[in-house]
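Asks: sequence and predicted structure are below.
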Amino acid sequence: ALIMSGTIYNKSAFCRYLGIREEDTCFIKTESTFPKENRPIYMKQEYMVDLSHKEWDNNLPKLAEIVNKVLKIFHDKKGLIHAPSYRAIDDIIKAVGSDRLIGHDSHNFQTVLDGFMNSEDNLVLVSPVCQQGVDFKGDKARFQLILRVPYPNSGDSFIRYKLKKDFYWYNYQALVTFGQQLGRVNRSIDDSGVTILVDSRFPKFINKNKNSLPKWVKEAILQ
């Protein structure tokens, strides 16, 4: 079997969590063929605020300022906002106050997504479930905001158990999700899209995982 992915950061961890023997696998790394100029990742203080669960409500006004600033920059482009939860969708849309933002609930995602994809308006989709399996190629989305370091939700009892017993697994899941998020607006060698990291905890997350993150990610980060 051949498994291809941009989010296999560590052979040992990948084999362990997939349940396959490391000695039966071969791990090959290759450089990205996508020009780094086409996929910048902005990790700049002017776009950052603490969006941890604890500080979410307190920092919503600042988040709204950041989002509105980005909307002005990309006034003629469609975009994507990776929200941390369904509840956060309503918070964001209400705080930002722009009719460009559209959200969905757990039941109408496909309907809203189809409408977004087919619209010629410069809409911005706010969603907690677009980190993988959705193709925002070309003008479907030219920018995205990742609002929170994507650690699994510790409100789930299984996640709490894994967090306590195997923090590496917990961190690895965040890395995988992060890698998937990065790829939503850069779909081919000729595609281009900007990623903006909003959570002020991202620099620590990136630094902590600098030995695991591939070169193609690190070379695109602008600080």
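Replies: Thanks, I have the structure now.

Asks: all strands of this protein, in order?
Replies: Secondary structure of the chain, counting by DSSP state E: strands at 41-42, 79-82, 101-102, 124-127, 143-146, 194-197, 221-222.

Asks: quick one: list the elements packing against the third one.
Replies: Contact here means 3 or more Cβ pairs under 8 Å, 6 or more residues apart in numbering; DSSP states H and E; on that basis strand 101-102 packs against helix 86-96, helix 109-118, strand 124-127. Where you see a C-beta, it was placed from the backbone N, CA and C, and this is true even at glycine.

Asks: now do the helices in this structure.
Replies: 11-18, 56-73, 86-96, 109-118, 157-165, 167-182, 202-208, 215-218 (DSSP state H).

Asks: pick out the shakiest of those, pLDDT-wise.
Replies: Here the lowest mean pLDDT among the helices of the chain goes to helix 11-18, at a mean of 85.

Asks: show residues contacting that helix.
Replies: For helix 11-18, the surrounding residues in contact (Cβ atoms under 8 Å, 6 or more residues apart in numbering) are Ile8, Arg21, Glu22, Thr25, Phe27, Tyr168, Trp169, Tyr172.

Asks: counting neighbours, what do you get for the second one?
Replies: To tie it back to what came earlier, the one meant is Arg21. For Arg21, the count of nearby residues is 8 (other Cβ atoms under 10 Å).

Asks: quick check: chain neighbours aside, which residue is closest to it?
Replies: Using Cβ to Cβ, 6 or more residues apart in numbering and skipping the chain neighbours, the partner closest in space to Arg21 is Cys15 (6.8 Å).

Asks: same check on the last one?
Replies: Excluding its sequence neighbours, the residue lying closest to Tyr172 (Cβ to Cβ, 6+ apart) is Ala13, at 5.4 Å.

Asks: mind checking how far that neighbour is from Ser154?
Replies: Here the criterion is Cβ to Cβ, to the nearest Å. By it, Ala13 lies 20 Å from Ser154.

Asks: and what of Leu60?
Replies: From Leu60 to Ser154 the distance is 21 Å (Cβ to Cβ).

Asks: got phi/psi on Gly19?
Replies: Backbone torsions for Gly19, taken as degrees, to the nearest 10, come to phi 80, psi 30.

Asks: can you pull up the most central residue in the chain?
Replies: When Cα atoms, centre = their mean is applied to the chain, the residue found nearest the centroid is Gln181 (3.2 Å).

Asks: what sits against that residue?
Replies: By Cβ under 8 Å, 6+ apart, the neighbours of Gln181 are His82, Gln131, Gln144, Ile146, Pro150, Thr195.

Asks: can you get me the start-to-end distance on stretch 112-128?
Replies: 13 Å (Cα to Cα, to the nearest Å).
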